[in-house]
Structures are given as structure tokens and as C-alpha cells.
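1. sequence? don't have it. structure:
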């Protein structure tokens, strides 16, 4: 008689996450040291990313829109010709965020949106 296959909790969680619609895999409220992020649908396959960060030396606020591209969410915000791009990837239940472009317009030179965000 064959033995049942063993399942690793991380594998099971990954399969469940992969079975969700891509947009739903990113939706929610998240936090990081000194900041927060909310991701919600806006229709037509678009997602809105609202993030706030702050410290004694800076404050940042961004409202970006984007779409799922492969395994990541790419969201952009534009102000006065400057474009900030947030690249958001899933890492288990958390989100790993990187930025590119002219993001200092949205947070100044002393902080950024980069980091790991955990569910709230």
C-alpha cells in the first residue's frame, strides 16, 4: 500500500496563494517600521497602492496605480513629470517592496518605501 505524500506547510500555503486570483494575492493592509501600505482594486484589473512612511527627518505619501505583471505588482505615481515606480512581490504572507524612478518627489531624500511589509 503506497504511503500518503507528506506536505510541508509552506508548500501548502504557496499552493493556496497561487490559487487566488493574482490581484487578491496583493490586496490588503500592511505595515513596516515607520510606515503602512494599503492595496485595493480600482476596476479594470487595476490596483491602487497607498503608502505612508515617516521618521523624524522625513514624511512620505504616495498613491500609485498599477497592474499585476507576472508574479509582481508594478504601480506608478506621477507628479509634475516625475514618475515613481513601486515593484511589489509576495514573500510568503509579506510583501517585499522596491522603488525606482524619481521617488524622492514622494518622500524626500531621507527615507523610502523599500522594505518588507507585514499584514496588519
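-> Received the coordinates, thanks. Keep in mind the model is a prediction, meaning the values are calculated, not measured.
2. can you give me the helices in this structure?
-> For the chain, the helices defined by DSSP state H occupy 9-19, 104-107.
3. Which one of the ones you listed has the poorest average confidence?
-> Mean pLDDT is lowest for helix 9-19 among those, at a mean of 50.
4. Could you tell me which ranges of the protein sit under the pLDDT cut-off?
-> Along the chain, the model assigns pLDDT under 70 to residues 1-23.
5. Of all residues in it, which one is nearest the centre?
-> residue 88 (3.9 Å; Cα atoms, centre = their mean).
6. so how far does stretch 89-109 reach from one end to the other?
-> Start-to-end span of stretch 89-109 (Cα to Cα, to the nearest Å) is 24 Å.
7. Over to stretch 29-37?
-> Stretch 29-37: ends 6 Å apart by Cα to Cα.
8. neighbours around residue 28, how many?
-> Residue 28: 15 surrounding residues under other Cβ atoms under 10 Å. C-beta: built from backbone N, CA, C; applies to glycine.
9. What are the neighbouring residues in contact with it?
-> 38, 39, 119, 120 (Cβ atoms under 8 Å, 6 or more residues apart in numbering).
10. how near is it to residue 55?
-> Separation of residue 28 from residue 55 (Cβ to Cβ, to the nearest Å): 24 Å.
11. which residues touch residue 90?
-> 17, 25, 26, 71, 96.
12. For residue 107, state which of those is nearest.
-> When the contacts of residue 90 are compared for distance to residue 107 (Cβ to Cβ), residue 96 wins out at 17.8 Å.
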